[in-house]
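*Asks:* After the sequence you'll find the predicted model.
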Amino acid sequence: MHLKLAGAAMAAALILTGAAHAERLTDQPLVDAAWLAQHLGNESLVVLDIRDATDAGDLYAAGHVPGAVAAPYAASGWRAKVGNVPGLLPTEEAIETLVSGLGVSNDSHVVILTGGANASDFGGATRVYWTFKVYGHDNVSILDGGYAAWAKANGELSTDAVTPVAATFDAEFRPELRAEVAEVNEAIASDVNLVDARSVAQFIGQEKTNTVQALGHIPSAININFDKFYDADKPAFASADIIAKLAKDAGVADSDGFIAFCNTGHLASIAWFGLSEVEGLPNVRLYDGSMSDWTSDPSRPVVTN
């Protein structure tokens with residue numbers, strides 16, 4: 001399938017125009033390449049290309065979806081370091097400044113695009129998606145399979161850098177989507193499932209990252225390896241049925257809710273997205289501090305069984 005876009009320059013201009021009362025383009029958390037090609041040029045749409053530069057160079061400059069705005073995951077400020085804990089949710093003011101500068105208003109429909117080469121890479125998109133959601137913006141989707149899916153569908157590419165026109169984005173924090181230490185402690189003692197999205201080796205305490213101070217996991221947690229949520233060969237995110245089976249196989253029962261965690265809240269956002277947005281389970285939170293935050297206090301319990 002060849003996704004032909006007529007008038008790419010006009011599409012880019014329309015993307016930056018903004019709309020006073022834009023309609024919601026879709027309520028789906030994932031859109032495919034055909035959907036994106038069809039909607040390029042809609043004045044409500046802002047495509048954010050969050051691919052980071054690599055050893056191969058600037059991926060955005062080498063070719064991107066026409067009209068997409070560069071917003072690299074690591075370099076733009078999508079995550080913040082507080083004290084010695086990396087990967088935390090930035091302040092409301094910081095996100096308002098970042099998002100407004102990217103040309104996104106409260107009326108925009110945002111589509112997030114990452115590389116899509118593997119599950120960890122796709123985690124950049126799920127983390128940015130969660131950031132929009134936790135700051136009150138529902139008009140957001142992810143390009144399923146990312147740039148890899150766009151290229152596989154022969155989507156048109158542009159090398160013209162897009163300079164966004166600043167918009168006004170007002171954030172509205174939703175605490176029910178985020179977990180902190182207090183909520184994790186409550187989960188340990190209650191019927192809330194703690195879902196560790198890291199590898200099995202990290203879960204059982206054979207390995208850890210440099211940001212984590214102790215081997216093992218938070219008591220009562222179960223493990224669903226993040227890479228099970230994404231099929232790089234397709235490339236595509238797992239279906240709701242597959243995610244439901246993953247949860248069942250891991251021993252997740254009906255409960256009062258879910259808290260996903262990992263090392264710095266990156267991989268956990270994949271599990272959060274799968275459970276909350278794709279499977280549609282209620283009361284799913286992301287502990288963005290994750291094990292880096294949890295183990296920063298040696299009095300907090302960590303187990304290896």
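*Replies:* Noted; the coordinates are in hand.

*Asks:* Only C-alpha atoms from now on, for both contacts and neighbour counts.
*Replies:* Fine.

*Asks:* Number of residues surrounding residue 136?
*Replies:* 15 (other C-alpha atoms under 10 Å).

*Asks:* can you pull the contacts of residue 96?
*Replies:* 168, 169, 170, 171 (C-alpha atoms under 8 Å, 6 or more residues apart in numbering).

*Asks:* Residue 130: which of the residues you listed is nearest?
*Replies:* Of all the contacts of residue 96, residue 130 sits closest to residue 171, with 13.0 Å by C-alpha to C-alpha.

*Asks:* confidence score at the closest one?
*Replies:* Residue 171 carries a pLDDT value of 98.

*Asks:* got it, and residue 13?
*Replies:* 38.

*Asks:* go on, residue 113?
*Replies:* On the pLDDT scale, residue 113 gets 98.

*Asks:* hmm, back to that, can I get the contacts of residue 96 in a markdown table with secondary structure, neighbour count and distance to residue 196?
*Replies:* Listed next are the contacts of residue 96 as a markdown table, based on DSSP: H, G, I helix; E, B strand; the rest coil; neighbours: other C-alpha atoms under 10 Å; distance: C-alpha to C-alpha, whole Å:
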| residue | secondary structure | neighbour count | distance to residue 196 |
| --- | --- | --- | --- |
| 168 | coil | 16 | 36 |
| 169 | coil | 21 | 33 |
| 170 | coil | 18 | 32 |
| 171 | coil | 22 | 28 |
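
*Asks:* Pull up the gap between residue 59 and residue 122, please.
*Replies:* 15 Å (C-alpha to C-alpha, to the nearest Å).

*Asks:* If you count surrounding residues, which of these two has more?
*Replies:* More crowded of residue 59 and residue 122, by other C-alpha under 10 Å: residue 122, with 30 against 19.

*Asks:* for residue 86, helix, strand, or coil?
*Replies:* strand (DSSP: H, G, I helix; E, B strand; the rest coil).

*Asks:* Which residues are in contact with it?
*Replies:* So residue 86 contacts 79, 80, 211, 264, 289, 292 (C-alpha under 8 Å, 6+ apart).

*Asks:* so the fourth one makes contact with residue 82?
*Replies:* No - taking contact to mean C-alpha atoms under 8 Å, the distance of 11.8 Å between residue 264 and residue 82 leaves them out of contact.

*Asks:* Quick one: mean pLDDT for stretch 252-266?
*Replies:* pLDDT averaged over stretch 252-266 gives 89.

*Asks:* And for stretch 273-284?
*Replies:* If you average the pLDDT values across stretch 273-284, you get 96.

*Asks:* Same question for stretch 180-193.
*Replies:* Stretch 180-193 comes out at a mean pLDDT of 94.

*Asks:* Overlap in contacts, residue 264 and residue 82.
*Replies:* Joint contacts of residue 264 and residue 82 (C-alpha under 8 Å, 6+ apart) are residue 88.

*Asks:* So for those two, which residue has more residues nearby?
*Replies:* When residue 264 and residue 82 are compared for neighbours, residue 264 comes out ahead with 23 against 13, by other C-alpha under 10 Å.

*Asks:* so the more buried one, which of the three states?
*Replies:* Residue 264, by the three-state scheme (three-state DSSP), is coil.
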